[in-house]
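# just coords:
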């Protein structure tokens, strides 16, 4: 941001004791300030930070997770049925304590979609109503593998989605900042037009007052009719009314820009017409190609297609033969004391293969797969349609921008000619060579030419910044706004 802007901010905004400050805000400084200080810019920053932290959390979930699980202590007192040697059952009260703890290292297997766990555990059971009865059970070391055999790799699908979501969030952050700048530029020109209207209204009041005073003098000596005097008086009153309206509109436009940029309420803003209109360094084809590479549009369509493909693969897998493998190997022991639970360890092995075989579903599986196929084709069709609309929109907006820039030269010349014509007509009226109707016509043409030129400036700059936001491409420098 320019040094002059920071100087103004320092002395005009930060001191609570200073008087209301007024300074001229350039268009570039306005856009820069909107990116950093507007509510839209801050929201974009916070959303980007949240997305980045979500992505960091996801990446962390792919690394080994160490967890301690405990139940210390547990107590149970109840009446329990006990089977006797003679086949009878008696009910006896029991009081017992129990506790357990386990330490688990859990690692998702991205390459296969399974999960590998390494754990150690210890548990204790003590009878309170039977003095001295206590048992310990330990598993010093064990490894467990859980692996789906024919299902889609859920972890790999999630990784692809998360990578795309993260890229999309970072691109969306850049676009949101540029959209904030574009909105500020629109408000900047709203204020510029309002202040120009107010200045023009003040000039018109002064001119019409001069004409009215002159008309009174001419009427007093019989050089003009009363109708011409009344017309000049009416024009003066209309000019004063227009000035009041223009001043109110200027205050409203200033408040809107000040609020959007989050500036103090006592800050007075003055805006200026940009010194020059830069040439465009990009063709419509270049802008479209850059937007497809760098904007969020392509990532959004990629994400939608990826989700549709994942849904199809998972639906197919859910309606066919599936198997889950679980295998465990470790060492364990039990004993009356803590030390006994770690002596002469025995090995433990567990192996299981779970099968799921759809036999008869009354066509449910086929219908679900066909529905997923239809949704995938719908997503592809919508993507193609949206891409074509996106291409056409950017192409013609860029082409229209070049036309608006060409129109600026014409409107600038028209503004100069109309202002010069009004001055000449005014001087001729003062010496009595033209009628008051001719003077008012020249004044209206001058005002309209100025309005048209500033409106064309607004159309050019707002369109330029909005294209910059949508394509993430600098049409003036001819460079992308993101790293290749």
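Structure's in. What do you need? Bear in mind the structure is a predicted one, so any value in this text is a computation, not a measurement. Numbering: from 1, shown residues only.
# what are the bridge partners for the closest residue to residue 352 other than its chain neighbours, then?
Leaving aside its sequence neighbours, residue 352 sits nearest to residue 326 (C-beta to C-beta, 6 or more residues apart in numbering; 4.8 Å). No exception for glycine: its C-beta is placed from N, CA and C like everyone else's. Beta-bridge partners recorded for residue 326 (DSSP bridges): residue 146, residue 352.
# number of nearby residues for residue 326?
15 (other C-beta atoms under 10 Å).
# for the one 5 residues further on, same thing?
Here the count is done by other C-beta under 10 Å, and residue 331 has 15 residues near it.
# Let me see the contact set for it.
Residue 331 sits next to 139-142, 345-348 when contact means C-beta atoms under 8 Å, 6 or more residues apart in numbering.
# Tell me the one among those nearest to residue 187.
Nearest to residue 187 among the contacts of residue 331: residue 142, at 65.6 Å, using C-beta to C-beta.
# From residue 316, how far off is that closest one?
As judged by C-beta to C-beta, to the nearest Å, residue 142 and residue 316 stand 35 Å apart.
# Settle it for me: which of the two has more neighbours?
The neighbour comparison of residue 142 against residue 316 (other C-beta under 10 Å) goes to residue 142, with 21 against 15.
# My guess is residue 404 contacts residue 459. True?
Yes: contact criterion C-beta atoms under 8 Å: residue 404 and residue 459 qualify, at 5.3 Å.
# Give me the pLDDT value at residue 6.
For residue 6, the model assigns a pLDDT of 42.
# which outside residues touch the helix or strand hosting residue 32?
For residue 32, the element it lies in under DSSP states H and E is helix 27-37. For helix 27-37, contacts defined as C-beta under 8 Å, 6+ apart pick out 1-2, 4-5, 25, 40-41, 177-178, 180-181, 183-185, 188, 257, 260-262, 271, 274, 461, 465.
# Next secondary structure after it?
Immediately after helix 27-37, counting by DSSP H and E, sits helix 39-61.
# Residue ranges of each domain in this protein, please.
Domain segmentation of the chain under automatic domain parsing yields 21-57+159-305+377-480, 66-109+114-151+322-357.
# Out of those, which one sits most buried?
Of all these, domain 21-57+159-305+377-480 carries the top mean neighbour count, a mean of 17, counting by mean count of other C-beta atoms under 10 Å.
# Give me the average confidence score over it.
Domain 21-57+159-305+377-480 comes out at a mean pLDDT of 90.
# on that earlier part again, relative to helix 39-61, how tilted is the helix holding residue 32?
Relative orientation of helix 27-37 versus helix 39-61 (axes from the mean of the first three to the mean of the last three C-alpha atoms, to 10 degrees): 50 degrees.
# dump the residue contacts of residue 291.
Residues near residue 291 by C-beta under 8 Å, 6+ apart: 297, 390, 394, 470-473.
# try it again with 6 Å
Taking C-beta atoms under 6 Å, 6 or more residues apart in numbering as the criterion, residue 291 is in contact with 394, 471.
# Determine how far the helix or strand hosting it lies from the middle of the whole chain.
Per DSSP H and E, residue 291 falls inside helix 284-294. Averaging C-alpha positions (C-alpha atoms, centre = their mean, to the nearest Å) puts helix 284-294 20 Å from its chain's average.
# try stretch 337-347
Once both centres are worked out by C-alpha atoms, centre = their mean, stretch 337-347 turns out to sit 59 Å from its chain's centre.
# Stretch 412-423 now?
Offset of stretch 412-423 from its chain centre (C-alpha atoms, centre = their mean): 45 Å.
# Quick check: which element contains the residue located most distally from the centre of the chain?
Computed with C-alpha atoms, centre = their mean, the residue of the chain farthest from its C-alpha average is residue 86, at 76.6 Å. Taking DSSP H and E as the definition, residue 86 sits outside all helices and strands.
# cool, the one 5 residues further on as well?
Under DSSP H and E, the secondary-structure element containing residue 91 is strand 89-109.
# Return the list of strands paired to the helix or strand just after that strand, each annotated with direction.
Downstream of strand 89-109, the first helix or strand assigned by DSSP H and E is strand 114-127. Here strand 114-127 has these sheet partners by DSSP bridges: strand 89-109 (antiparallel), strand 134-148 (antiparallel).
# Least reliable of those strands by average pLDDT, please.
strand 89-109 (a mean of 87).
# Contacts for that one next, please.
62, 64-77, 79-83, 115-129, 155.
# and what of stretch 350-367?
By C-beta under 6 Å, 6+ apart, the surrounding residues in contact with stretch 350-367 are 319, 321-328.
# and it, average pLDDT?
Mean pLDDT, computed over stretch 350-367, is 90.
# How far away from the center of its chain is that stretch?
43 Å.
# End to end on that stretch, go ahead and measure it.
End-to-end distance for stretch 350-367, by C-alpha to C-alpha, to the nearest Å: 38 Å.
# returning to that earlier point: tell me which other helices or strands the next helix-or-strand element following the helix holding residue 291 touches.
Using DSSP H and E, the next helix or strand after helix 284-294 towards the C-terminus is helix 296-318. Contact partners of helix 296-318 among helices and strands, from 3 or more C-beta pairs under 6 Å, 6 or more residues apart in numbering; DSSP states H and E: helix 154-220, helix 364-430.
# Arrange those helices in TSV, one row each, with distance to residue 448 as further columns.
Converted to TSV, these look like this (distance: least, C-beta to C-beta, whole Å):
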stretch	distance to residue 448
helix 154-220	11
helix 364-430	8
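# Surely residue 125 touches residue 134?
No: Residue 125 is beyond contact range of residue 134, at 7.0 Å (criterion: C-beta atoms under 6 Å).
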